[in-house]
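Novice: only geometry, no sequence info:
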């Protein structure tokens, strides 16, 4: 059974930083791409960032590009999202997800329970 556990969320002032972690178990983590998504109150879930299985390829949404960095440590079965220069509009529940292939795509098979990020102005 695949389990994804996010952590690292919290309350931060605008301009601040947070690092989210997602620990995976129950699947050969290093074989699959991973992604981070977010859902703000009253809005649909949206893509934030993704990383290929090897970590070589990363992709970001326009709204976070240049401020967020996705990375992974396959030895620890963990994917990270470093978030800098946070804005109030980054406030959302952040979810990690396991891709269905080694490559970055739009298909994700498993999701974590989410971690809340709140950015105050």
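Specialist: Structure's in. What do you need? Computed from a predicted structure; not experimentally measured. Residues are numbered from 1 along each chain as shown.
Novice: can we go C-alpha only for contacts and neighbour counts from here?
Specialist: Fine.
Novice: do a quick rundown of the helices in the protein.
Specialist: Counting by DSSP state H, one finds no helices in the chain.
Novice: what residue is smack in the middle of it?
Specialist: residue 36 (2.6 Å; Cα atoms, centre = their mean).
Novice: what are the bridge partners for it, then?
Specialist: Beta-bridge partners for residue 36, by DSSP bridges, are residue 49, residue 96.
Novice: which helices and strands sit right next to the lowest-mean-pLDDT helix or strand in the chain?
Specialist: Taking mean pLDDT, DSSP states H and E as the measure, the helix or strand of the chain with the lowest value is strand 108-111, at a mean of 94. When contacts are defined as 3 or more Cα pairs under 8 Å, 6 or more residues apart in numbering; DSSP states H and E, strand 108-111 packs onto strand 3-7, strand 92-99.
Novice: contact partners of that strand?
Specialist: The contact list for strand 108-111 (Cα atoms under 8 Å, 6 or more residues apart in numbering) reads 2, 3, 4, 95, 96, 97, 98, 99, 100.
Novice: mind redoing it with 6 Å?
Specialist: If you take Cα atoms under 6 Å, 6 or more residues apart in numbering as the criterion, strand 108-111 is touched by 96, 97, 98, 99, 100.
Novice: equivalent analysis for stretch 93-107, please.
Specialist: Contacts of stretch 93-107 (Cα under 6 Å, 6+ apart): 31-39, 52-53, 108-112, 114-116.
Novice: and if you look at stretch 22-42?
Specialist: 1-6, 45-53, 74, 77-79, 92-99, 101-104.
Novice: buried ones among those residues?
Specialist: Buried by 16 or more other Cα atoms under 10 Å: 3-6, 47-53, 74, 77-79, 92-99, 101-104, out of the contacts of stretch 22-42.
Novice: can you count the residues close to residue 88?
Specialist: 15 (other Cα atoms under 10 Å).
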